[in-house]
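Novice: with the input below, show me the fold.
(2 chains)
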Amino acid sequence: QQQVKQSPQSLIVQKGGISIINCAYENTAFDYFPWYQQFPGKGPALLIAIRPDVSEKKEGRFTISFNKSAKQFSLHIMDSQPGDSATYFCAAKASGNTPLVFGKGTRLSVIA
Amino acid sequence: DTAVSQTPKYLVTQMGNDKSIKCEQNLGHDTMYWYKQDSKKFLKIMFSYNNKELIINETVPNRFSPKSPDKAHLNLHINSLELGDSAVYFCASSSAENEQFFGPGTRLTVL
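Specialist: As a prediction, the model looks like this:
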């Protein structure tokens, strides 16, 4: 049973456009929701994270929107650039010594 | 300064061999992890150690044995390698605030 469902699998966006990736979770014990960015041949890098006490968090061009009642969260990349082309993973974690549970990833391509 | 480092970056070996991957973190974190990323890019937790103690073992075959000599190191030893073990293995460490930092990965190819 997949605990974190991520969509779409792949996304093509024009340069300057908005990229939107969505995730839904099932476990109501999750209380930490990070997004990771992975370039080919590299490890995942923490991009931005949110806790359920806020509905939105913004860092530069990256924004997480969080809907606790719907058990959904999304990543918005404003003014998308070719350098943003990478695979993006959402994840979720409960408190304590529990692991991150990852979505299956979204391959983003930003074309000029 | 590399926060989480792994060696080797690439590992090519024959079926049946035994191999080890090393991981070190210089972030002062208490918790370290091993993840496996398969050919479809799916990331799955394998093990987690907190202060040298095993706290998570996600139904990984016992051919895989993690060892933590101190809280800055978490090594992964794999016995009797099989074709299905081919993947990228990532080490990670986390702060008390849950931020996890990943190493560069070790691409294991079993022939």
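Novice: count of residues packed around the closest residue to residue B:108 other than its chain neighbours?
Specialist: Among residues not flanking residue B:108 along the chain, residue B:11 sits closest, at 4.8 Å (CB to CB, 6 or more residues apart in numbering or on different chains). (Each C-beta comes from the backbone N, C-alpha and C, glycine too.) If you count neighbours by other CB atoms under 10 Å in any protein chain shown, residue B:11 ends up with 19.
Novice: now residue B:11, what's its secondary structure?
Specialist: strand (DSSP: H, G, I helix; E, B strand; the rest coil).
Novice: from memory it sits against residue B:88, does it?
Specialist: No. With contact defined as CB atoms under 8 Å, residue B:11 does not reach residue B:88; the gap is 10.3 Å.
Novice: contacts for the lowest-mean-pLDDT helix or strand in chain B?
Specialist: Of all helical and strand segments in chain B, the minimum by mean pLDDT, DSSP states H and E falls on strand B:53-57, at a mean of 85. Outside of strand B:53-57, the residues within contact range by CB atoms under 8 Å, 6 or more residues apart in numbering or on different chains are A:97, A:98, A:99, B:31, B:33, B:45, B:46, B:47, B:48, B:49, B:66, B:68.
Novice: which ones are touching the fifth one?
Specialist: Shown in contact with residue B:33 (CB under 8 Å, 6+ apart): A:99, B:45-49, B:56, B:74, B:91-94, B:100.
Novice: about what we covered before: what's the overlap in contacts for residue B:11 and residue B:88?
Specialist: B:106, B:107, B:108.
Novice: what parts of chain A come near chain B?
Specialist: Within chain A, the positions near chain B by CB under 8 Å from any CB of the partner chain are A:32, A:34, A:36, A:38, A:41-46, A:49, A:87, A:89, A:93, A:97-102, A:104-105.
Novice: just the buried ones from these, in ChimeraX syntax?
Specialist: Applying 16 or more other CB atoms under 10 Å in any protein chain shown to the residues of chain A next to chain B, the buried members can be selected in ChimeraX as follows:
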select /A:32,34,36,38,43,44,46,49,87,89,93,98,99,100,101,102,104,105
